[in-house]
Every structure is written in structure tokens, then in C-alpha cells.
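# Just a sequence and a predicted model for now, questions to come.
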Protein chains: 4
Amino acid sequence: MTTPLDSPETPLETTARLLVTCPDKPGIVATVSNFLYNHGANITALDQHSTDPTGGVFFMRLEFQLPHADLPPEVFERSFERAVANRYEMQWQISYPANAKKTAILVSKYDHALMELLWRWSRAELPTDVSMVISNHRDMQQAVERFDIPYHHVPVEKGRKEEAEQRMLKLLDGQADLIVLARYMQILTKDFVDQYTDKIINIHHSFLPAFVGAGPYRKAAERGVKLIGATAHYVTEKLDAGPIIDQDVIRVTHRQSVQDLKERGRSIERDVLARAVKWHLEDRIIVYGNKTVVFA
Amino acid sequence: MTTPLDSPETPLETTARLLVTCPDKPGIVATVSNFLYNHGANITALDQHSTDPTGGVFFMRLEFQLPHADLPPEVFERSFERAVANRYEMQWQISYPANAKKTAILVSKYDHALMELLWRWSRAELPTDVSMVISNHRDMQQAVERFDIPYHHVPVEKGRKEEAEQRMLKLLDGQADLIVLARYMQILTKDFVDQYTDKIINIHHSFLPAFVGAGPYRKAAERGVKLIGATAHYVTEKLDAGPIIDQDVIRVTHRQSVQDLKERGRSIERDVLARAVKWHLEDRIIVYGNKTVVFA
Amino acid sequence: MTTPLDSPETPLETTARLLVTCPDKPGIVATVSNFLYNHGANITALDQHSTDPTGGVFFMRLEFQLPHADLPPEVFERSFERAVANRYEMQWQISYPANAKKTAILVSKYDHALMELLWRWSRAELPTDVSMVISNHRDMQQAVERFDIPYHHVPVEKGRKEEAEQRMLKLLDGQADLIVLARYMQILTKDFVDQYTDKIINIHHSFLPAFVGAGPYRKAAERGVKLIGATAHYVTEKLDAGPIIDQDVIRVTHRQSVQDLKERGRSIERDVLARAVKWHLEDRIIVYGNKTVVFA
Amino acid sequence: MTTPLDSPETPLETTARLLVTCPDKPGIVATVSNFLYNHGANITALDQHSTDPTGGVFFMRLEFQLPHADLPPEVFERSFERAVANRYEMQWQISYPANAKKTAILVSKYDHALMELLWRWSRAELPTDVSMVISNHRDMQQAVERFDIPYHHVPVEKGRKEEAEQRMLKLLDGQADLIVLARYMQILTKDFVDQYTDKIINIHHSFLPAFVGAGPYRKAAERGVKLIGATAHYVTEKLDAGPIIDQDVIRVTHRQSVQDLKERGRSIERDVLARAVKWHLEDRIIVYGNKTVVFA
């Protein structure tokens, strides 16, 4: 699946991506690919998944080259809706990489996840516009502003979280197709989360078994776990229980101090979060129920 | 991609798989999926890959439910050839999991790769008929016969390899859709290999860097490598240089003896070979030039 | 750390291993190594670990060549106890690889873990005498007896588990330095477990997050986990919560069916269990509280 | 092995580390540990390795708390040499973490390896003083100077490499206990390398099989490799063939473009290099012949 970015033959400006979820039935692929063909669009990547061909759910991701400007996108989309989507009861979205998604990053005091994202972004590994960084602390202002990214300090005072979230929502309005919690240590309210369904990505440590509450790395060391890991997931109102996007682990032994475990944990968190964000930006993830289909 | 085996809704008897390689052009997916739809076939899995949408090579794997017996397979295939394949200059094959592929295993004295395959096969993890085991030694005769599999002892005497290969070719004739070299230590001649193009899978150890010649594990230990691995590939006349199907590695340290390295090497070889064989049996691999596209 | 098995210079017959746990204090290493030196023993491997040099706990594993027969083991051990162990309040054990440990394997119906152990054992990868296999089913009797290992069928009838365990304890008496639960699906009573403290190894699947109750693979698939794994641990009366010996995971995607997840799970279970058993047999594990120190 | 850094009980100021290589003989551990005990030093970590207890080579790493200031280090070291080292023909070194090693980083145009090191260093994950960055380009001057690290631009003109190296050697003189080639694309001359034996660490990509010459990622993509990796090693005059410190790999498929492979390659290079540098700084590596013993 040659991505547009590295292949001069699939120019970014004429690329579009379609994500589809619908009840599985015969003929979906034929209908969609016919529609595209008849509109002069050339499919360059296609992934599909079905939970069960008879009565299951069907997922598809298509990347295609847009017709040679015979139709404006709105007309194309309306036509797709009438001719295809309605017929198969599709949930669908078409996105255009040429219109880069806007990403806002929320962070508290740990800087590793934030810096990994800014760094990859600055070397064009993350196809997005980073519209702002919001933090409840001032610690990283200077580091962020070096990247010419606006930094908003929105402290969250005890008992006044709603107020802080209102300020954040105002800042984010129209500026965030994706919100990344890069070790943002405040729990977002249901109200906030509901405005960005399947658009907030969080990263947190993961262990086998899990350790709830404070000091998880110390607990993991005390329990002698042999693997530590991280999970990136979409945020729902249920803390750390949203749809999993990616996970990874690293081996540890009794030799590692709690400090070592934390260092390795940071390293894993950086990798897993960067992958998850990239997949989201490339429209590779479909959320279904409490799980994801990732066409990576 | 729900496999037929575990989903009662996609019965094995009516499943077919299509593998396609052809020059990339607009309309391929539409044409193929239309053809299938019009013949009453329901696509249950589709993977595609293109090296370049403009002038590149297009690969596709389709799994579908055959029409309700309105056509015998030969008619269906001839119709596909005329209506679709010829038009797009496709190399293609349709296979039917209900007709299990026949697998012959060649082995010398190391038993780990052979036993892993027989074991997985005996618990229905490998969808195939193991038609025979051929060995240039007698060591594993008893172990193989316990699985009710014919064991042929074909010694390879010095200077008389051709003779031995002739005997093997006779045994294999019509009995081998796949030949697995499960640590078969004789080099096959070009003549032999040419009769089973892209149908012989071999497994061998791999290191970073590579160590040629005898005693690779000792050399790897002496060089202090930190990873040892294995590569499964299709056999071509060029020794160990055929299209790679899968690879994997495991970490080692200075603490491991040469004996330990060999043990870990065996473990990796078993895993990688079993994966490669399974993918071949499930028609997930397309060979193109000296590389593979694996729709895993 | 050249293991005795593969180095002719460290003959198995004269090898001994010392495991030590004691309060950390200056001088332990000097005292132990002096003692060995003065008795003509040559240290060939030494690993140590301290939770904290001041007031912490000290762990050590030593492999050494026994003196040239100047002392019988009992005298040597008594001397060690008086001269060293008592002084540092050590918990300790000396073992002699020449006296192979006896291993009993308990199994129910899943054969993958059992067969992996028997297989490795049959090719001398596990330094032990497999004294017997006990099962609450008859399914694997034939497969086990092919290895010339006694197979005892001890069914566990509802409400009569105690009776069954009594029978098992009788069979095991004097025949089990290690008991491996190779997918033995009965929960052992506290009474049973107490007779084999830190001598029963179990293997079970592990996920991030964990899924309790029946059908864990189906639940994991439904939750869309991206990693599935296995944990080997010593059995305590608290189900699946004993000291962890080793863990590992494998990546999965939405493409894998529940059946696929189970296959991969079995593969990981085989690996992790075999490693844990080997480490136990080589006296590489010290249990401390609810965790392990593994000198691998 | 609680490291000094995270345990208040093993203060950095009184920590010392001893690395030893010598012919293996009975009594080494006893003699060394006695010496330390008699001088009031407390061993907090000990690792050893022997290639063969009879006539092999013995390696040891000891971390200990220095005596309560009864001796200046020089006296302590001279005493060790006379009483222990000479007797066993040891190559040895004692280092003191309180005197942080000086690290110089050489870089060309790729910034990922450099930035990873500076970043980890800035959050105290790498115990060293970064004395300078030298580059044959100006590209990263600003990024480096933000960390308050001197940046020296030493261009290497065609045919005048020796001159450039002379300038570099002058800058490095007394300022580099370790030189890290963080994607420095100039080949160092034998003369340069000889002045920093086992003190120059390089990182480079690794594949199975290897691809020599220009464009390795493109070649790897064309060959369809399923793993790409990186190797960190000490630099010798033989290009990329020095003692391996660490290696790692990541899985790839036909779906990844050459651009994707490069991105993943960078990610692996960052990780592997950071580990190797950390181990060097913590005196965990002993070079022996063309291999390393890493007490990680």
C-alpha cells in the first residue's frame, strides 16, 4: 500500500479516503468499486473486514485518486450517499489528506509523549497541523513555543474543573479534529468527551496483571512482573476502558529498579502513542462498539 | 477476516480463494467484484496491494462463497478467464479449501521442524493432507508412522543425487501441492526445483550479520551477536536466496552457550516454518520476482 | 555462563549449585567464595541481586565444581551451614545436577503444553526425569506411554476432589521435585499446594487488560486487544496469583478469529512454560515473597 | 541490581565500579571480594562470566560502596593492582560515577539519533556530561545550542579528511571519554579510531540478509524482507564490523513503503543506540576480541 506521501505517482492533492461500516451483504465491494470507477476514481488501496459474512458487520477502507476535477467534493459525496451509502445503510466518511487534520495536544508535566509527537511532526512523520498545546502547567511552554506552536496554560483548580474545560473547549473549537492526551493527568468529564467522540486518544501504562491506583510501577516491581507495556486507546467516559488502538510491551527482570521500569515505560509509551496518532491521522482506524478495526 | 474453519456461517465446502497478479489499472476491483456478484458469489475477504497505481503491479486475494451450485468450478473458472482475467492480463489461480492441498515433507536428521508440523497438523491447525515424509535417513520412521503417514527412505549416496531425486520425484508425482524442507540437508538440483516452482518451502537460521559455511551457531557465539533468527523462504536454484516468506528473531546474550543458541534457534525455526506453511496452505502468499506479498 | 551440559570441561557429575537468600550485609560474597575456595571448589557461575545494600535482601546463585572428592556432600553441606549460612541467617539449598530432579506433569485435555515438555525432554533440552503424567482424563494416555512414561488416570468426580488429590499425593510421594500443571483444569486445594510450596508451576493465558471467567479468548476478541500472552507462575492457594516466573505476548489484529487467537495463545503458552520449567530445573529461580528472582 | 541513581542508600558519591578481564582460575572471586571487604568496601552488584572455567577467560563487573574515606582512590587502586590484579594477570579499570564521563557526539544531517540522546540526557536518563557536538554540517547547530551544548562545525572537504580529523582530535582532547557517532556519515581513519579504542559507538541499520552499498532500505523493500533492524557497535578500522553491543528489529510487511521502512528504521536506531550508550556510561560493557560481554 504505497502511501501518497512517498510516491510521486499518487499526489496528495487528489487523494481521498473512504471509511465504511455497514451490515454485511453481498455486493458491497462491487457497488462501491463500480461507483468509484464510473466517477473516474482509481482505487489505490483497499482493506476490508467482516465479523461474519452472514448477518455480520462489514468494514472497509479505500484510498483512491479523485476524478480529474469533474466534480467538487460535496457533489461527489452527495452522489455517493444517494447511490451507495443509503442503499447499504452505511456509516461512512470521506477525508482528503490535502486538508490536513488539526491536532491539539493536552499535556501535564511529563514531557516524553508530547516531545515524541512534536519531534515526529517536525520531521513530517505525522501528517497533521498541530494547532495548539494546552497544559494545566507552564513547564513546557518554552519547549513547545520553539516549534512555533501556540501554548495555552489552562490550570485546573480544585472544584473548578468545569470552568477550565469550558475554556479549553473554546480554544479547541474548530481547531481540533484530533485531541491527544500526551500524559494529561486530569480526568475529562463526560460532557467534554461527548463533544469529541472517537477523537481523543490517550496513552497509559499497562501491566500483566494490571495494577490500579497510585504508584503502578512500584507495584509492578514489587510483584515481579516480567513485561511492562503501554496501551493507546480512544477516550470514553469510562476511565482507561475505551477502544484499544495499539499496545506493546518490553521485557524486564528483577535487575531493573523502579526508576528503570519508568524509563522503559516512557519509551514504550512514546512508540505506541506515535503509532496510534499516525494511524488516526491516516484514517486507518474504525471504531465499532468498544473495539477498533485498524487497517495498518 | 473470519476464516472458514471457525465460522459455521462460511462453510468450507463452498469457499473459494482467488489470487491475482496483474498490471495495475483503474477498474480491476470493480470488474472482479462485479463478476463475482453477478455469479452469485459473496466476497468474505479481500486484500489488495499495488506497487504503484500508475504502471505498477497489482496483487489481490479474495475469499468468497461460491454460487449455490449453479455452475461447476471449471465453467466458473473458464468464465472468469474470458470475462476478467484476459482483459487485465492476470496471472491468477482459484483454489478450493474443500480440496485440501497435499503436502510432502522432506527431512534429514533434525526432527524439530518435522515434529512441529505433524503436531500442528494433527490438531487441525494446518489445513492439508500430509501425503508422505521422505528422508535420506531412517531415524524418524517410527515417529512419523505413528501419525499414520507413509515414510519413504531415500538415501542420497555420493555422486548419485540425481538417481535419488528421480526416486523422490516419482513418489511425489501427483502427491505434493507443497513440499516442505523441514531441515532437509541435501541441496536440491535445479531440475528438481524447476518442477515445483514456488511450491517448496525451506527454513534456515539467520543472523545479523550472516555467517556462511559450517558451524554458524558457533560463529555467531564467537562474534557475540545479540539476536538469532530464522527465515522461511521459497526454494529457488540459488541456495537460501529465494523469496522470503517470514522471519523472526530472539534475543541472546553472552550467557548463552552454543548449545543454548541452537535450542533457541530450533524454537524460532519451528514457529517461523509453521507460520509460512500455514500461509501457503491458506493461499495467502503471492510470489512476485524474488519477493512475496503475504496477505496474513 | 557455560552450562555443564555443553561444556566437557565442567562435567555434570562434579557440578553443584547454591541458592542463597539472606539479609544483605558486607562480606557475604567474600565469605561464601572463601569457603568454596578453601574447600577446593571452583566457582563457574555467580549471579547476585540485592533489593538494597543497606538493610535489604540479598540473593545469590552460584554454580561450582565440587572438590576432588575430599568430602561427601552431607559433610560439605553441614560445614557450609556452620561456617557460613548460620552466620548470615541464610535460607539456602545446594543441588547436584547429577541427581536429576523428578518432574510429574498434570494435564487435562489440552495436549499442547504437555507435548511441548515431553518433546523437549526427549531431546535432552530439559534436564529432568519425568516420573509420571497424571490426568483426570484418558485422552493422552497413548501419546504419553509412547515416551515410556507412566500415565495415571485419576478422575476428579464432583464433590470428591479430596479423594482424588489423596490418590495423586500418594502417586507423587517421593516422585516429584517439581509438578507442572500443563493445562490441568482442576483447581488444587490449599492442602495439596501446601505440600509442594514453590514446586508447582502453572501456565495460563494473559491479556491486557485481563478477562476473568469463562471464554477469555472470545472476550479478548470482542474487546479488540492487540496483544495476547501467557504467564508461567508458581502455584499458591490464591488462584493464578502466585509468583510470576515468565511472561510473553504476541501481536494480534482484528483479522484473527477467536480460533486464531487460541492457536497463537497455545504457541505462546508452550514457549513460556518450557522456559519456566527449564529455569526451575536449572535452579535459576528464587522465590521471595510473591515475586521471583530469575538468574536466567 | 539497584542502581545508585535511584536508591538513596547507595549514594553516587561513594560508588565505584570495577571491570575485570583475566584468565579463569580458581579463587578470583574470593580474592577480589576479600580485598574489598578488608578495605571496608561493600559489594552492591556483581556479575561474572567465564568462557570456560578451565583455561578460559573470566569477566567480572563489580559495583561497590567505597570505604569511608580511609584511602584516596589512587592509593586504593595501587593497592588493588599489587594485591590482586597482578597476581591474576588482570586487565582492569575502576571508575567512579561521581566523576561523570564526558561524551562527544558526532553527527551529519540526520537528527533522530542525536536528538534522542540529547533528550534522554536532558531528563537525566544518561549519566554523562555532553561536552560537545561536532558536525560536518551546520543544520543542527540551533537545536543543539538550545541544550547549552557547544556545537562545532568541522566540514570535511574532499581529499582533506585528515585535516578535519586533526581539528576534531584537538577539540576532543581531554573532552571525550566516549564518542558517539549519531549518524555521522564520514568514515573515520584508522589513525583517528586508534586513539579511541573501544570508546567510539556507532549505530547502523541491519537487515536479514544484509544489503551493502547505497540505498539499503530500497534494496530491503525490493527483496521483501520481513524484519528491519539496527546494530550498535564499537568502531574499529573495519567498517561496521566492530564488537556488537546491541541489536534489535521490527516487523514489516509488503504494505510499508520505503519511506515507512526508513521511519521504522529511525525508531529502532534511536532505541538501540540509546541503550548501548547507557550501558557504556554505566560501565556494563567489556570488549573481548571482537565481541562484547554486556552485564545489562
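Arrived safely, thanks for sending.
# Report the mean confidence score over stretch A:204-218.
Stretch A:204-218 comes out with an average pLDDT of 85.
# Quick check: closest non-adjacent residue to A:Ala98.
The shortest distance from A:Ala98 to any residue other than its chain neighbours is 4.8 Å, reached at A:Glu13 (C-beta to C-beta, 6 or more residues apart in numbering or on different chains). Bear in mind the C-beta positions are built from the backbone N, C-alpha and C, glycine included.
# Checking that neighbour next. Helix, strand or coil?
Three-state assignment for A:Glu13 (DSSP: H, G, I helix; E, B strand; the rest coil): helix.
# Check A:Val156 too.
What three-state DSSP gives for A:Val156 is coil.
# about what we covered before: for the residue nearest to A:Ala98, give its distance to A:Pro73.
As judged by C-beta to C-beta, to the nearest Å, A:Glu13 and A:Pro73 stand 12 Å apart.
# now do A:Met140
From A:Met140 to A:Pro73 the distance is 37 Å (C-beta to C-beta).
# Pick out whichever of the two has more residues nearby.
Taking neighbours as other C-beta atoms under 10 Å in any protein chain shown, A:Met140 and A:Pro73 compare with A:Met140 leading, 22 against 12.
# and the stretch 151-296 of chain A, which residues reach chain C?
By C-beta under 8 Å from any C-beta of the partner chain, the residues of the stretch 151-296 of chain A that approach chain C are A:206-210, A:222-227, A:229, A:231, A:243-249, A:253-255, A:289-294, A:296.
# now, which of these lie within strands?
The strands, defined by DSSP state E, take in A:206-207, A:227, A:229, A:231, A:244-249, A:291-294 from these.
# Looking at those residues, which is nearest C:Ala276?
A:Leu227 (13.8 Å; C-beta to C-beta).
# in the sheet, who's paired with that closest one?
According to DSSP bridges, the partner residues bridging A:Leu227 are A:Arg251.
# tell me the contacts of it?
A:Phe207, A:Leu208, A:Val249, A:Ile250, A:Arg251, A:Val252, C:Gly229, C:Gln247, C:Asp248, C:Val249 (C-beta atoms under 8 Å, 6 or more residues apart in numbering or on different chains).
# Can you say which of these are buried?
A:Phe207, A:Leu208, A:Val249, A:Val252, C:Gly229, C:Gln247, C:Asp248, C:Val249 (16 or more other C-beta atoms under 10 Å in any protein chain shown).
# Hmm, the second one is touching C:His233, no?
No - between A:Leu208 and C:His233 no contact is recorded; they are 10.8 Å apart, counting by C-beta atoms under 8 Å.
# Domain map for chain A?
The record's domain split for chain A, according to automatic domain parsing, is A:4-95, A:101-294.
# gap between A:Ala45 and B:Thr51?
The separation that A:Ala45 has from B:Thr51, given C-beta to C-beta, amounts to 12 Å.
# what sits against A:Ile203?
So A:Ile203 contacts A:Ala113, A:Leu181, A:Ala182, A:Arg183, A:Ala230, A:Thr231, A:Ala232, A:Glu269, A:Val272, A:Leu273, A:Ala276 (C-beta under 8 Å, 6+ apart).
# Nearest to D:His280 among those?
Nearest to D:His280 among those: A:Glu269, at 25.0 Å, using C-beta to C-beta.
# so the closest one touches A:His112, yeah?
Yes - applying C-beta under 8 Å, one finds A:Glu269 in contact with A:His112, separated by 6.8 Å.
# more neighbours, these two?
Legend: neighbour count by other C-beta under 10 Å for A:Glu269 and A:His112, higher for A:Glu269 (25 against 21).
# Quickly check: the lengthiest helix in chain A near chain B or not.
Ranked by residue count and defined by DSSP state H, the top helix of chain A is helix A:258-281. No - on the criterion C-beta under 8 Å from any C-beta, helix A:258-281 is out of touch with chain B, staying 14.5 Å away.
# hmm, that helix touching chain D?
Yes - using C-beta under 8 Å from any C-beta, helix A:258-281 reaches chain D at A:Val258, A:Gln259, A:Asp260, A:Glu263, A:Ser267, A:Asp271.
# relative to strand A:244-251, how tilted is that helix?
150 degrees (axes from the mean of the first three to the mean of the last three C-alpha atoms, to 10 degrees).
# Return the member of the buried ones among the contacts of A:Leu227 nearest to chain D.
A:Val252 (11.3 Å; C-beta to the nearest C-beta).
# partners of A:Ala104 in the sheet?
Counting by DSSP bridges, A:Ala104 forms beta bridges with A:Met132, A:Ile179.
# So it is in contact with A:Ser131, correct?
Yes - between A:Ala104 and A:Ser131 there is a contact at 5.4 Å, judged by C-beta under 8 Å.
# For burial, what's the neighbour tally of the closest residue to chain C within the stretch 101-250 of chain A?
Scanning the stretch 101-250 of chain A for proximity to chain C using C-beta to the nearest C-beta identifies A:Gly224 as nearest, at 2.8 Å. Neighbourhood size, A:Gly224 [other C-beta under 10 Å]: 21.
# try A:Arg87
Neighbours around A:Arg87, by other C-beta under 10 Å: 14.
# and if you look at A:Lys170?
A:Lys170: 10 neighbours (other C-beta under 10 Å).
# does chain B sit close to stretch A:43-52?
Yes - legend: contact between stretch A:43-52 and chain B by C-beta under 8 Å from any C-beta is shown at A:Ile43, A:Thr44, A:Ala45, A:Leu46, A:Asp47, A:Gln48, A:His49, A:Ser50, A:Thr51, A:Asp52.
# quick one: which two of those are the most distant?
Applying C-beta to C-beta across those, the maximum distance is between A:Thr44 and A:Asp52, 28.1 Å.
# More neighbours: those two, which one.
Per other C-beta under 10 Å, whichever of A:Thr44 and A:Asp52 has more neighbours is A:Thr44, with 27 against 15.
# Okay, buried residues for stretch A:63-77 please.
Here stretch A:63-77 shows A:Glu63, A:Phe64, A:Gln65, A:Leu66, A:Pro67, A:Leu71, A:Phe76, A:Glu77 as buried, counting by 16+ other C-beta under 10 Å.
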